[in-house]
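Peer 1: structure, please.
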Amino acid sequence: MATPRKRGAARKAARVSSPAKADVGSAAQTEVERLALELQQARERQAATAEVLSLIADAPTDLAPVFDRIVRNAARLCQSVLSAVYRRDGEQVHLVAHDQFSPASVAAVRKAYPAPLTSKNLISVAIRERRVVHEPDVLLSGGYSELQKTSGYRSILIVPMLRDEVAIGAIAVMRLEPQLFPKAQVELLKTFAGQAVIAIENTRLFTEVQERTRQLSQSLEDLRAAQGSLVQTEKLAALGRLVAGVAHEINTPVGTSLTVASALIDKTKRFEADVAKGNVRRSTLTEFIAASREAASQIMFNLGNAVELIQSFKQVAADRNVSDRRRFDLGEVTEQVVSGLRFGLRNLTVTVECESNLAMNSYPGPYGQVLTNLVLNSVAHAFPDGGRGSVHIAARASGKGNVELLFSDDGCGMSPEVKRHVFDPFFTTRRDQGNTGLGLHIVHNIVTSRLGGRIHLETKPGAGTKIQIIMPREAPLESAAE
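Peer 2: Residues are numbered from 1 along each chain as shown. Down below sits the predicted model:
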């Protein structure tokens, strides 16, 4: 049991310790309030930076709303009397956004800006030297004159906006009190400066991408126009070769017919003279009748060949010009196209081997263009020095509803690099000789688009070239661009 003396000592100790406990509680409360304030300020800064980023995302080409929001947030969160964003343009500094400027301050700014980058202006200094300028009292350090007088600010914080170590502008905040800005506000202004750079870069890149897209679109349109013109030129050139070939083929039977007709006229004149003299014997009459019959037979035969060639040419020409879908026999059209080309092949022998009754419901004109381009490509590239060679064309049924066309030559073949690009538009190994590089590109487009087929090429240097084309007997109804 405690003695009276001990109980008194305990009460005295309790009275002494009570003020200490109160002081501790007050300090804890103050610390809690400080932490709560710092948390609130941190949240406000986070919300402000998020707001600016949202504006950057929403308006990638409009910098004004971004800069306006930055200066307003900077003024509010840094408790400044003035805030502004400046941009560098060459050797000049321009004011692009400001907040809380009075009319007098605006007038003073318009007098001072644009300012030379080489001036003693603190904004120019921060941009020129790419450093943070933090002055607790401009009356002591110098700097602004008219703007400082009209607005009355004393302290200033300027953060340069750096892009790849190049200053492209600056953000400034000013206060009436002659004191340094807290570290948190300095860091916040650096964040705003970084966001301003992001906004400027976004705008620049977006504008460059748009301009590049426009240029590419224009280039694509120009390329398509040029390609269309060259494709048409290729078609007309092929048709011209076809006309020349057919003209030569027709010249043979027509020339023979003229020769026979001329000989028959001579015989008729001699027979007429014999009749006038009365010297006609039975043998003379019999000889004249036999000669006339033979001449008429030869004339009919040769003119029949000419008529057949003309009909074939008319059909091929019509197919080329109209490119309508119709029913035809693949072997007949193949023979017609090759017949028109043989004259221009010089030392090249073309043989055709087609199964009979390969009925097609497709586009004979584009198919003829494919054959023409394949043959002419062999003439130009497989036998470049005019050497003798041969081309073989074979057609046969392939599975249900398809036909297979095999085109092969015994020319010089292609290297792996040429083979890789052979169907690319405008690719040619003989551009110096006027080739456009569209022949096999047209072949690929026609086969895969208009005819609805597929094409496969096999070649090796010195081993010739083989091209396999598989196409349906019933071409697609969609009429794709040739």
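Peer 1: give me the low-pLDDT residue ranges for the stretch 301-450 of the chain?
Peer 2: Applying pLDDT under 70 to the stretch 301-450 of the chain flags residues 305, 308-323, 343-346, 386, 425-427, 429-438.
Peer 1: ok, 80 please
Peer 2: For the stretch 301-450 of the chain, the stretches with pLDDT under 80 are 301-302, 304-324, 340-347, 380, 384-387, 424-439.
Peer 1: now do the strands in the protein.
Peer 2: 82-89, 92-99, 115-116, 133-135, 155-163, 166-175, 326-329, 348-354, 359-362, 389-398, 402-409, 454-459, 465-472 (DSSP state E).
Peer 1: now mean neighbour count too, for those, in a markdown table please.
Peer 2: From N, CA and C alone the C-beta is placed, and that goes for glycine too. A markdown table is the format used below for these (neighbours: other C-beta atoms under 10 Å):
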| stretch | mean neighbour count |
| --- | --- |
| strand 82-89 | 23 |
| strand 92-99 | 19 |
| strand 115-116 | 16 |
| strand 133-135 | 18 |
| strand 155-163 | 23 |
| strand 166-175 | 23 |
| strand 326-329 | 14 |
| strand 348-354 | 15 |
| strand 359-362 | 18 |
| strand 389-398 | 18 |
| strand 402-409 | 20 |
| strand 454-459 | 16 |
| strand 465-472 | 20 |
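Peer 1: which among those is found nearest to residue 212?
Peer 2: strand 155-163 (19.9 Å; C-beta to C-beta).
Peer 1: can I get the strands of the chain in JSON lines including distance to residue 254?
Peer 2: Below are the strands of the chain laid out as JSON lines (distance: least, C-beta to C-beta, whole Å):
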{"stretch": "strand 82-89", "distance to residue 254": "80"}
{"stretch": "strand 92-99", "distance to residue 254": "84"}
{"stretch": "strand 115-116", "distance to residue 254": "90"}
{"stretch": "strand 133-135", "distance to residue 254": "98"}
{"stretch": "strand 155-163", "distance to residue 254": "80"}
{"stretch": "strand 166-175", "distance to residue 254": "81"}
{"stretch": "strand 326-329", "distance to residue 254": "27"}
{"stretch": "strand 348-354", "distance to residue 254": "23"}
{"stretch": "strand 359-362", "distance to residue 254": "32"}
{"stretch": "strand 389-398", "distance to residue 254": "28"}
{"stretch": "strand 402-409", "distance to residue 254": "32"}
{"stretch": "strand 454-459", "distance to residue 254": "39"}
{"stretch": "strand 465-472", "distance to residue 254": "35"}
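Peer 1: of all the ones you listed, which lies closest to residue 281?
Peer 2: So among the strands of the chain, strand 348-354 is nearest, using C-beta to C-beta, at 51.3 Å.
Peer 1: helices or strands up against that closest one?
Peer 2: Counting contacts by 3 or more C-beta pairs under 8 Å, 6 or more residues apart in numbering; DSSP states H and E, strand 348-354 packs against helix 330-341, strand 389-398.
Peer 1: and residue 26, which of those is closest to it?
Peer 2: strand 389-398 (97.7 Å).
Peer 1: and that closest one, which strands flank it?
Peer 2: Under the criterion DSSP bridges, strand 389-398 sits next to strand 348-354 (parallel), strand 402-409 (antiparallel) in its sheet.
Peer 1: just to revisit the earlier point, of all the helices and strands packed on strand 348-354, which lies closest to residue 157?
Peer 2: Short answer: strand 389-398, nearest of the helices and strands packed on strand 348-354 by C-beta to C-beta, at 80.6 Å.
Peer 1: quick one: that closest one to chain centroid distance?
Peer 2: On the basis of C-alpha atoms, centre = their mean, to the nearest Å, strand 389-398 is displaced by 38 Å from the centre of the chain it belongs to.
Peer 1: alpha carbons of it, as CSV, please.
Peer 2: What follows is strand 389-398, C-alpha atoms only, in CSV (Å, rounded to 0.1, in the frame of the first residue of the first chain):
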residue,chain,number,x,y,z
GLY,A,389,14.7,-19.6,-129.8
SER,A,390,11.3,-21.2,-129.3
VAL,A,391,8.2,-20.5,-127.2
HIS,A,392,5.7,-23.2,-126.4
ILE,A,393,2.1,-22.5,-125.4
ALA,A,394,-0.1,-25.4,-124.1
ALA,A,395,-3.6,-25.4,-122.7
ARG,A,396,-5.5,-28.2,-121.0
ALA,A,397,-8.3,-28.8,-118.5
SER,A,398,-7.2,-28.6,-114.9
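Peer 1: can you offset everything so residue one is 14?
Peer 2: Sure, I'll start counting at 14 from here, so that last one is strand 402-411.
Peer 1: ok, residues contacting that strand?
Peer 2: For strand 402-411, contacts defined as C-beta atoms under 8 Å, 6 or more residues apart in numbering pick out 343-344, 347, 351, 360-368, 371, 384, 388, 391, 395-396, 416-424, 483.
Peer 1: ok, 6 Å please
Peer 2: Strand 402-411 is contacted by residues 343, 361-368, 371, 391, 396, 416-424, 483 when judged by C-beta atoms under 6 Å, 6 or more residues apart in numbering.
Peer 1: ok, stretch 185-204 next?
Peer 2: Outside stretch 185-204, the residues touching it (C-beta under 6 Å, 6+ apart) are 58, 62, 87, 90-91, 93-97, 149-150, 166-172, 184.
Peer 1: start and end of it, how far apart?
Peer 2: End-to-end distance for stretch 185-204: 13 Å, by C-alpha to C-alpha, to the nearest Å.
Peer 1: can you list the buried residues in that stretch?
Peer 2: 185, 186, 187, 188, 194, 198, 199, 201, 202, 203, 204 (16 or more other C-beta atoms under 10 Å).
Peer 1: redo the strands paired with strand 402-411 as a markdown table? Include distance to residue 136.
Peer 2: Formatted as a markdown table, the strands paired with strand 402-411 follow (distance: least, C-beta to C-beta, whole Å):
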| stretch | distance to residue 136 |
| --- | --- |
| strand 361-367 | 79 |
| strand 415-422 | 75 |
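Peer 1: so which of these comes closest to residue 131?
Peer 2: Closest of those to residue 131 is strand 415-422, at 73.9 Å (criterion: C-beta to C-beta).
Peer 1: now do the closest one: distance to the chain's middle.
Peer 2: 34 Å.
Peer 1: for it, output the C-alpha coordinates as CSV.
Peer 2: These are the backbone C-alpha positions of strand 415-422, laid out as CSV (Å, rounded to 0.1, in the frame of the first residue of the first chain):
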residue,chain,number,x,y,z
ASN,A,415,-10.4,-24.7,-114.4
VAL,A,416,-8.0,-24.6,-117.3
GLU,A,417,-4.2,-24.6,-117.2
LEU,A,418,-2.1,-22.5,-119.5
LEU,A,419,1.6,-23.3,-119.7
PHE,A,420,3.9,-20.8,-121.3
SER,A,421,7.6,-21.7,-121.7
ASP,A,422,10.6,-20.5,-123.6
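Peer 1: distance check, the closest residue to residue 437 other than its chain neighbours against residue 468.
Peer 2: Distance criterion C-beta to C-beta, 6 or more residues apart in numbering; nearest residue to residue 437, sequence neighbours excluded, is residue 454 at 6.5 Å. Applying C-beta to C-beta, to the nearest Å, the value for residue 454 to residue 468 is 11 Å.
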